[in-house]
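Asker: what follows is a protein structure lacking sequence information:
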């Protein structure tokens, strides 16, 4: 294991070689930041409207750090839903992170459990997509991953703070297009993944299955089930997709 792949105590000088890798991760996070700033701002406004104070709004972004989960949580809270139901719903929505973690294992298995725990706490749809795309043709390094994760997380917390400060002054976020920030960011990440026919087929299958499952089985399971089914079919169809 290289020195830059270690989790270093605070009193240990960070090797110079770490800086370029971390800066590379910071740069890779910039497209995510552009999406997180308006989205996090909208979350902050909605959280204040739902009855959260400023510090509760920011603390949720620090600890939970799950855009879709946070939007669902504040919406349910504002509707008077019981805490147990909110927690269970957010848990179901975030189950997809199990798939993300499993996909990263082949690239990160050589690192210490403490480092992996820190990385796991910072996984989001967007940072996962950027990382897995980077690791398809680069060796995994902790400084890169921490640079990516911390930059994205900081921007989300900052945007949540700014949105929380704006409070009820903004009114309906949809008037400013904030309701489209999340879909737009996912579209960008999807385009970055479409490198060959196989990924195009898997993406199309995932979209199809997600819509069908959502119509037949309302809830948050459509994303998880569609991902598993599409990925499985992608592996099965790989010999054929490679011929076209």
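Answerer: Yes, it's here. Worth saying up front: this structure is predicted, and the values here are computed from it rather than measured. Numbers count the residues shown, from 1 in each chain.
Asker: could you list the single helix or strand in this structure with the lowest mean pLDDT?
Answerer: helix 181-193 (a mean of 69; mean pLDDT, DSSP states H and E).
Asker: could you list the low-pLDDT ranges of this protein?
Answerer: 1-16, 168, 171-174, 176-186, 189, 219-220, 241-244 (pLDDT under 70).
Asker: what's the longest helix in it?
Answerer: Identified as the longest helix of the chain according to DSSP state H is helix 18-50.
Asker: following that one, which helix or strand comes up?
Answerer: Sequence order places helix 54-63 as the next helix or strand after helix 18-50, per DSSP states H and E.
Asker: and that next one, how far out from the chain middle?
Answerer: Centroid separation between helix 54-63 and its chain, computed with CA atoms, centre = their mean, to the nearest Å, is 17 Å.
Asker: in it, what's buried?
Answerer: For helix 54-63, a neighbour-count test (16 or more other CB atoms under 10 Å) marks 54, 57, 58, 60, 61 as buried. C-beta coordinates here come from the backbone N, C-alpha and C atoms, glycine included.
Asker: can you check stretch 33-46 too?
Answerer: For stretch 33-46, the neighbour count (16+ other CB under 10 Å) marks 33, 35-46 as buried.
Asker: now do the phi/psi pair for the residue sitting nearest the centre point of the chain.
Answerer: By CA atoms, centre = their mean, the chain has its centre lying nearest to residue 124, at 1.9 Å. Per-residue torsions, residue 124: phi -130, psi 170 (degrees, to the nearest 10).
Asker: so what's it up against?
Answerer: Counting by CB atoms under 8 Å, 6 or more residues apart in numbering, residue 124 makes contact with 65, 66, 67, 152.
Asker: give me the helices and strands touching the helix or strand the last one falls within, please.
Answerer: Which is residue 152. Per DSSP H and E, residue 152 falls inside helix 142-166. In terms of contact count using 3 or more CB pairs under 8 Å, 6 or more residues apart in numbering; DSSP states H and E, helix 142-166 is assigned the packing partners helix 18-50, helix 54-63, helix 113-121, helix 125-134.
Asker: let's see it at 6 Å
Answerer: Applying 3 or more CB pairs under 6 Å, 6 or more residues apart in numbering; DSSP states H and E, one finds that helix 142-166 makes contact with helix 18-50, helix 54-63, helix 125-134.
Asker: most neighbours out of the contacts of residue 124, which is it?
Answerer: Counting neighbours by other CB atoms under 10 Å, the top entry in the contacts of residue 124 is residue 152, with 26 neighbours.
Asker: thinking again about what came up before, right, and the helix or strand after the least confident helix or strand of the chain?
Answerer: Beyond helix 181-193 toward the C-terminal end (DSSP H and E), the next one is helix 197-216.
Asker: pull out the buried residues from that next one.
Answerer: Residues of helix 197-216 classed as buried: 198, 201, 202, 203, 205, 206, 209, 210, 213, 214 (neighbour count, 16+ other CB under 10 Å).
Asker: quick one on the thing from earlier: ok and the helix holding residue 152 relative to helix 113-121, angle-wise?
Answerer: Put simply, helix 142-166 runs at 40 degrees to helix 113-121, going by axes from the mean of the first three to the mean of the last three CA atoms, to 10 degrees.
Asker: nearest spatial neighbour of residue 167, chain-adjacent residues omitted?
Answerer: Of all residues not flanking residue 167 in the chain, residue 48 sits nearest, at 4.4 Å (CB to CB, 6 or more residues apart in numbering).
Asker: same thing with residue 52?
Answerer: Here the residue nearest residue 52, using CB to CB, 6+ apart, is residue 74, at 6.7 Å.
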